[in-house]
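# have a look at this prediction, sequence included:
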Amino acid sequence: MNKDKVLDNLMNIREWAGVVDHPATENEKDRYMHGIINLASETIKEVNSKPRMPKVFDDWASNYDVGTTAGLDYALTDIFNAYMGSRYEFSDLDDWFRDGSDADEKKYSDCVDALCNGYEVE
């Protein structure tokens, strides 16, 4: 879920809803209401979306039973250690963390979200 996108959409909905209350033509009101409905639908879709993770993450995550408290705890501990730069036996995951395409913090956040809430494989 992209929190910034959701917040932007909600701010736009709030702003547009305020316009509907002011004097406007029926056509303008219809246009704003249509925009509000589209943004609300997009926001619901965004909130319900799962992060898309690379195959290397899926290969790594398959080593853990994240459906159990202990499995999730081990996975979160290991992903934190990988994020902190500890040498890890799953070097492909380390390579993905350090490939320079995204900030390590973003990748770490995505990994935690994926482990806790599920994910889709790219």
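Here it is on my side, so go on.
# and for the nearest residue to Tyr74 once chain neighbours are set aside, the neighbour number?
Excluding its sequence neighbours, the residue lying closest to Tyr74 (Cβ to Cβ, 6 or more residues apart in numbering) is Tyr64, at 5.8 Å. Quick note: C-beta positions are derived from backbone N, CA and C, even for glycine. The burial count assigned to Tyr64 is 18, neighbours taken as other Cβ atoms under 10 Å.
# and what of Val112?
16.
# residue contacts, it?
Going by Cβ atoms under 8 Å, 6 or more residues apart in numbering, Val112 touches Leu76, Ile79.
# okay, and it sits in which element?
helix 104-117 (DSSP states H and E).
# distance of Val66 from Ala114?
Counting by Cβ to Cβ, to the nearest Å, the separation of Val66 from Ala114 is 9 Å.
# what of Asp30?
Distance of Asp30 to Ala114, computed by Cβ to Cβ: 40 Å.
# can you check Trp16 too?
Counting by Cβ to Cβ, the separation of Trp16 from Ala114 is 33 Å.
# before we move on, back to that, now the phi/psi pair for the residue nearest to Tyr74, please.
phi -120, psi 150 (degrees, to the nearest 10).
# between Trp16 and Ala114, which one's more packed in?
Ala114 (22 against 16).
# OK, contacts around the more buried one?
Ala114 makes contact with Lys50, Pro51, Met53, Phe57, Ala61, according to Cβ under 8 Å, 6+ apart.
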